[in-house]
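Colleague: Have a look at this prediction, sequence included:
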Amino acid sequence: MTKRILILSVFVVASCGLAYELIAGALASYLLGDSILQFSTIIGCYLFAMGVGAHFSKFVKEEQVLARFIDIELVIGLLGGCSAAFLFLSYAWMAVPFRTLLYVSVFLIGMLVGMEIPLVMRVLNARQTAFNDLVSGVLTFDYLGALAVSVLFPLVLAPQLGLTRTGFLFGLANVAVAIWTIHAFRRELQNVTGRILRAALVFLLLCFGFAYSDRLVQWGERGLFGDEVIYSTSTPYQRLVITRWKDDTRLYINGNLQFSTRDEYRYHEALVHPALEKTPWAKRVLILGGGDGLALREVLRYPNIEHVTLVDLDPAMTNAFRQRPELAKLNQGSLSNPKARVINADAAIWLQETQEMFDVAIVDFPDPSSYALGKLYSEPFYQTLRRHVAAHGLIVVQSTSPFFAPHAYWTIEATLREAGLKTWPYHAYVPSFGEWGFILASPQSNYQPPKSYRLPLRYLNESTTRAMFEFPPDMPHLQMPPNRLNTQSLVREFEQDWRQVLR
């Protein structure tokens, strides 16, 4: 019976160990961007730390193996369970560099996790378990535990519980292993009462963290964003936070500002109207991204538009801006308009599968801060998009800042040209972002900026439009190679540009 308990423990501790690794990687991706870099370095650090832990496990004396295993489970439960909450709060409130705390945390947890399996195997070996049964049993349940978490984490745990609550849940699982090990081997342990009391204390602390996880996150986000958080959620794709201060409502995705209601009209007028004003014949419009419905709001102002398809990956985004009254008010109910069709899908996959054609396409993705986003700024993606736009139609692409990220901006322009499109770069000043960039493109059309607009606009007129298509000497045209899918140079250029700004 005791052998079965230990083998079952392997399944649980393997699940917990992988969960802490995934939580650290996901949290770092949310806060630091570039998911491939974050996951790669965290996995490397974690595996190295496990090797260190496995090495140090040999120094545990034979008569202390069982007691040390229980102690390690309690420490891992406490450190691992609190890791997500601690790291998030430290990012918001502490002056200590976040990366330092991140990798110290990952190393400590990894080292302790690395000691678990060797200690379990020594306990089983002491009970004269056959070597082949010992190895096969331990490794089988170790891998099964890893499989279970690798499937549940992205599909259930992260989107339903969030990262901090998931951390506390697996911390409780580690403590549960310690408790049932104490119970099963109580006759072989010293100071059983003291061990139970310590386990109960850690268990209660983790239960408190699990119960008040949302409040901890809200407190951290209040320190991170400064304003009152009126809505927040973690999805399989991103962390959405909406804040409000007086009349200013702001949307953040993974900590990055997406819009402020004080000046979003500048951004969305610049994004939409230079294209639609020059295509009065347009009837069908495609919007890729833009799940907040603000670009859609501007498109629907044109009476000639009969149908708009909006493709956004995250249903949590489109549902929030459709169903929550204070958010639907911002887009004037555009996501519920009968002319609009909202599709929650990966834009790249959807474009490959659809046969539909459009007169105008508006590409409003977040900046290419990760390889998952970088593919949506690649030459193959623009080639696919081109096939779904009328020959004399127009494409407009949100293209980051030509002032703060010039190498990234002109890489996007070069990529559109590589895809066989004519391009017309332009920029607009949006106070929340600074100088921001867009690129108009077309398969065959010749474009001239509009001198007037059919609709009343708050920002655009003849003079502001003319200025948008002129680049001053401090924003020169740079000759950049296109962003190809297999190299993703755009992501590196984007990171390097913004790293220079933040120095």
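Modeller: Cool, the structure landed.
Colleague: Distance of Q444 relative to L351?
Modeller: As judged by Cβ to Cβ, to the nearest Å, Q444 and L351 stand 20 Å apart. Using the backbone N, CA and C atoms, a C-beta is placed for each residue, glycine as well.
Colleague: which of those two has more neighbours?
Modeller: Counted by other Cβ atoms under 10 Å, Q444 and L351 do not tie: L351 has more neighbours, with 21 against 11.
Colleague: Three-state assignment for the more buried one, please.
Modeller: Put simply, L351 is helix when judged by DSSP: H, G, I helix; E, B strand; the rest coil.
Colleague: so who does the residue lying closest to it once chain neighbours are set aside touch?
Modeller: Nearest non-adjacent residue to L351, counting by Cβ to Cβ, 6 or more residues apart in numbering: T384, 4.8 Å away. Applying Cβ atoms under 8 Å, 6 or more residues apart in numbering to T384 gives the contacts 348, 351-352.
Colleague: Same list (those) but as CSV, adding distance to W180.
Modeller: As requested, those are exported to CSV (distance: Cβ to Cβ, whole Å):
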residue, distance to W180
A348, 47
L351, 52
Q352, 50
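Colleague: Which of those sits closest to T166?
Modeller: A348 (28.6 Å; Cβ to Cβ).
Colleague: Kindly state the pLDDT recorded for the closest one?
Modeller: A348 is assigned 93 on the pLDDT scale.
Colleague: For the residue nearest to the spatial centre of the chain, give me its contacts.
Modeller: Most central in the chain under Cα atoms, centre = their mean is Q238, positioned 3.6 Å from the mean C-alpha point. When contacts are counted by Cβ under 8 Å, 6+ apart, Q238 touches 30, 253-254, 314.
Colleague: And for Q496?
Modeller: With contact set as Cβ under 8 Å, 6+ apart, Q496 has these partners: H407.
Colleague: S489 versus that one, what's the distance?
Modeller: From Q496 to S489 the distance is 10 Å (Cβ to Cβ).
Colleague: count of residues packed around the spatially closest residue to S432 that is not a sequence neighbour?
Modeller: The shortest distance from S432 to any non-neighbouring residue, by Cβ to Cβ, 6+ apart, is to S260 (4.3 Å). Using other Cβ under 10 Å, the number of residues around S260 comes to 18.
Colleague: Identify the bridge partners of S260.
Modeller: R250 (DSSP bridges).
Colleague: quick thing: my sequence starts at 38, can you match it?
Modeller: From this message on, residue numbering opens at 38, which makes the last subject S297.
Colleague: Tell me the confidence at it?
Modeller: At S297 the predicted local confidence, pLDDT, stands at 92.
Colleague: and it, what does it touch?
Modeller: S297 neighbours (Cβ under 8 Å, 6+ apart): 285-287, 468-469.
Colleague: can I assume L145 sits in a helix?
Modeller: Yes: if the criterion is three-state DSSP, then L145 is within a helix.
Colleague: Please work out which helix or strand belonging to this protein has the smallest mean pLDDT.
Modeller: helix 250-262 (a mean of 72; mean pLDDT, DSSP states H and E).
Colleague: Can you name the next helix or strand after that one?
Modeller: Remark: after helix 250-262, the chain's next helix or strand is strand 265-271, criterion DSSP states H and E.
Colleague: got the angle between the helix or strand just after that next one and strand 265-271?
Modeller: Counting by DSSP H and E, the element after strand 265-271 in chain order, helix or strand, is strand 276-282. Angle between the axes of strand 276-282 and strand 265-271 is 170 degrees (criterion: axes from the mean of the first three to the mean of the last three Cα atoms, to 10 degrees).
Colleague: Distance from the chain centre to strand 276-282, please.
Modeller: Offset of strand 276-282 from its chain centre (Cα atoms, centre = their mean, to the nearest Å): 15 Å.
Colleague: Got the domain ranges for this structure?
Modeller: Split into domains by automatic domain parsing, the chain comes to 39-258, 261-295, 300-539.
Colleague: mind listing what's buried in the second one?
Modeller: Right, the one you point to is domain 261-295. 261-262, 264, 266, 268-280, 286-292, 295 (16 or more other Cβ atoms under 10 Å).
Colleague: before we move on, what about stretch 489-500?
Modeller: Those would be 490, 494, 496-497, for stretch 489-500 by 16+ other Cβ under 10 Å.
Colleague: now do stretch 68-88
Modeller: Within stretch 68-88, judged by 16+ other Cβ under 10 Å, the buried ones are 68-72, 74-76, 78-80, 82-83, 86-87.
Colleague: Quick one: residues contacting A56.
Modeller: 117, 186, 190, 194, 203-204, 207.
Colleague: want to throw those residues into TSV with neighbour count and pLDDT?
Modeller: As requested, the contacts of A56 are exported to TSV (neighbours: other Cβ atoms under 10 Å; pLDDT from 0 to 100):
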residue	neighbour count	pLDDT
G117	29	93
V186	21	88
F190	23	85
L194	21	85
T203	27	92
G204	32	93
F207	29	94
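Colleague: Could I get these in a markdown table, plus columns for distance to G327?
Modeller: What follows is the contacts of A56, written out as a markdown table (distance: Cβ to Cβ, whole Å):
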| residue | distance to G327 |
| --- | --- |
| G117 | 38 |
| V186 | 34 |
| F190 | 29 |
| L194 | 29 |
| T203 | 30 |
| G204 | 33 |
| F207 | 36 |
